[in-house]
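> Let me see the structure of the following:
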Amino acid sequence: MINVFEELANLLSKSAFPVNCPLSSMHLLALDGLITAILGMVERISSGLVTMEPALVNLEEYTPFWTVKCDSYSDPDHWVPYTAGLDKNLVEDFLGNHDEFCVQVLNEFAGSFDFQDMNLDTPLQLFLETFRLPGESQKIQRCCSLVVVKKKMTEEDFIRNNRHINGGNDLPRKFLLELYQSICKNEIRTTPEQGDGFPEMTPSRWIDVMHKSKKTAPFILSDSKPYLDHDMFTIMSGRTIAAISVVFDHAEHEEVYQTCIDGFLAVAKISACHHLEDVLDGLVVSLCKFTTLLNPSSVEEPVLAFGDDTKARMATVTVFTIANRYGDFIRTGWRNILDCILKLHKLGLLPARVANDTADDLELSSSAWTSEASYKFFIFIIYLALCGYS
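Residues are numbered from 1 along each chain as shown. Reported below is the predicted structural model:
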């Protein structure tokens with residue numbers, strides 16, 4: 001089965017990239033779709049459904065399904081007529097064997113289908129798609145002639161070809177005409193294609209799915225989302241960071257900046273919750289580039305340039321917000337953060353109180369500075385200073 005979520009995430013991330021064109025509303029809509037998905041994960045974290053403590057997983061012994069023996073061949077749960085990779089020719093050989101056991105399996109297999117309230121061609125389509133009809137004409141029953149509509153066969157040819165098949169009588173003309181039109185629109189394949197992929201969703205198979213859905217509950221309530229978030233986020237984290245970064249780089253309006261910042265913070269929170277240090281490091285590295293603090297200075301007044309660059313200032317505040325909140329989960333990203341701190345110090349943008357407090361800490365206890373508490377306190381002071389609380 002195709003991973004729909006992965007395909008959707010891939011589509012949205014690609015659609016968010018402005019390739020050789022200015023940023024448009026389509027790119028922003030695609031980005032909103034990605035951010036909406038990760039905000040749903042953040043909401044589950046905030047509601048307490050997911051914790052930042054790694055869960056202890058009890059791995060039970062796994063038994064491959066193909067080694068499990070069937071105790072009752074009449075149990076419909078054991079029938080998998082649409083299992084991918086089955087050789088249709090071998091299925092036909094087995095079901096067509098006159099051995100007593102094979103005949104029993106054939107009877108149970110045929111009885112596993114539910115064709116109630118279906119038109120004649122749909123059950124035939126569903127049944128014939130599960131195996132390949134034999135090539136020998138003597139093995140094909142008379143009823144199979146009903147499903148054959150040759151390329152140039154007219155309605156009258158079809159009716160004439162299916163005379164006297166209803167216990168020696170003719171089927172109603174109206175019924176045969178409707179059947180002819182249905183078969184013309186949805187060809188019945190008597191030689192299904194081989195392959196390792198999953199079966200094609202044909203019209204007849206879709207009818208079967210809809211038919212079965214009427215016999216089930218309206219919906220199945222599932223509370224497994226928190227347990228799937230880790231794998232879902234792992235699938236989309238890289239492309240999501242890339243998409244947000246590209247839009248943030250091309251954006252020119254502050255509201256778009258804020259949307260991207262919200263996305264960056266959401267990615268950081270999920271990464272920390274699920275202990276995805278590599279993802280968090282990648283996010284920090286990407287954000288540090290937008291601060292412009294790591295770029296070689298080519299302007300005469302770098303301080304004024306930084307002050308006038310809204311994007312750079314927002315990215316800088318976001319970097320230190322992430323460092324303050326999720327510093328325990330950052331690894332290699334600390335180097336980029338410290339480079340930003342040193343550049344701020346070099347430009348004289350760190351408040352004097354921050355620099356003095358740091359110097360006092362170094363004089364009082366060199367070991368205190370290396371402690372986690374002092375380190376995080378220093379980051380917190382910088383964060384407050386950049387936010388205007390100094």
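
> For Val247, which non-adjacent residue is closest in space?
Nearest residue to Val247, sequence neighbours excluded (C-beta to C-beta, 6 or more residues apart in numbering): Leu31, at 5.2 Å. The C-beta positions use only the backbone N, C-alpha and C, and glycine is treated the same way.

> For the host helix or strand of the one you found, which outside residues touch it?
If you go by DSSP states H and E, Leu31 is part of helix 25-46. The contact list for helix 25-46 (C-beta atoms under 8 Å, 6 or more residues apart in numbering) reads 9, 11-18, 50, 225-226, 229, 232-233, 236, 240, 243-244, 247, 256, 259-260, 262-263, 266-267, 269-270, 273.

> try 7 Å this time
Contacts of helix 25-46 with the rest of the structure, by C-beta atoms under 7 Å, 6 or more residues apart in numbering, involve 9, 12-13, 15-16, 18, 50, 225-226, 229, 233, 236, 240, 243-244, 247, 256, 259, 262-263, 266-267, 269-270, 273.

> okay, that helix in PDB with CA atoms only?
Output of helix 25-46 as PDB, limited to C-alpha atoms (Å, rounded to 0.1, in the frame of the first residue of the first chain):
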ATOM      1  CA  SER A  25       0.300  32.200  -3.000                       C
ATOM      2  CA  MET A  26       0.500  28.500  -4.200                       C
ATOM      3  CA  HIS A  27       3.900  28.200  -2.500                       C
ATOM      4  CA  LEU A  28       2.500  29.700   0.700                       C
ATOM      5  CA  LEU A  29      -0.500  27.300   0.600                       C
ATOM      6  CA  ALA A  30       1.700  24.300   0.300                       C
ATOM      7  CA  LEU A  31       3.900  25.600   3.200                       C
ATOM      8  CA  ASP A  32       0.800  26.100   5.300                       C
ATOM      9  CA  GLY A  33      -0.200  22.500   4.600                       C
ATOM     10  CA  LEU A  34       3.200  21.200   5.900                       C
ATOM     11  CA  ILE A  35       3.200  23.500   9.000                       C
ATOM     12  CA  THR A  36      -0.400  22.400   9.800                       C
ATOM     13  CA  ALA A  37       0.700  18.800   9.900                       C
ATOM     14  CA  ILE A  38       3.500  19.500  12.300                       C
ATOM     15  CA  LEU A  39       1.400  21.800  14.400                       C
ATOM     16  CA  GLY A  40      -1.000  18.900  14.900                       C
ATOM     17  CA  MET A  41       2.000  16.900  16.400                       C
ATOM     18  CA  VAL A  42       2.900  19.900  18.600                       C
ATOM     19  CA  GLU A  43      -0.700  20.000  19.900                       C
ATOM     20  CA  ARG A  44      -0.500  16.400  20.900                       C
ATOM     21  CA  ILE A  45       2.800  17.100  22.700                       C
ATOM     22  CA  SER A  46       1.300  20.100  24.500                       C
END
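
> From the contact counts, what lies against the following helix or strand past that helix?
Toward the C-terminus, helix 25-46 is succeeded by helix 88-95 as the next helix or strand (DSSP H and E). Here helix 88-95 touches helix 100-111, going by 3 or more C-beta pairs under 7 Å, 6 or more residues apart in numbering; DSSP states H and E.

> List the buried residues of the helix it packs on.
Val105, Glu108, Phe109 (16 or more other C-beta atoms under 10 Å).

> Distance check, the first one against Gly96.
Okay, so that is Val105. To Gly96, Val105 is 11 Å away according to C-beta to C-beta, to the nearest Å.

> try the last one
Note on Phe109: its distance to Gly96, by C-beta to C-beta, is 12 Å.

> now do the second one
Remark: distance between Glu108 and Gly96 (C-beta to C-beta) = 15 Å.

> The contacts of helix 25-46 in helices, which ones?
For the contacts of helix 25-46, membership in helices holds for 9, 12-13, 15-16, 225-226, 229, 233, 236, 240, 243-244, 247, 256, 259, 262-263, 266-267, 269-270, 273, with DSSP state H as the criterion.

> pLDDT below threshold where in the chain?
For the chain, the stretches with pLDDT under 70 are 1-2, 49-86, 131-152, 187-226, 297-300, 351-390.
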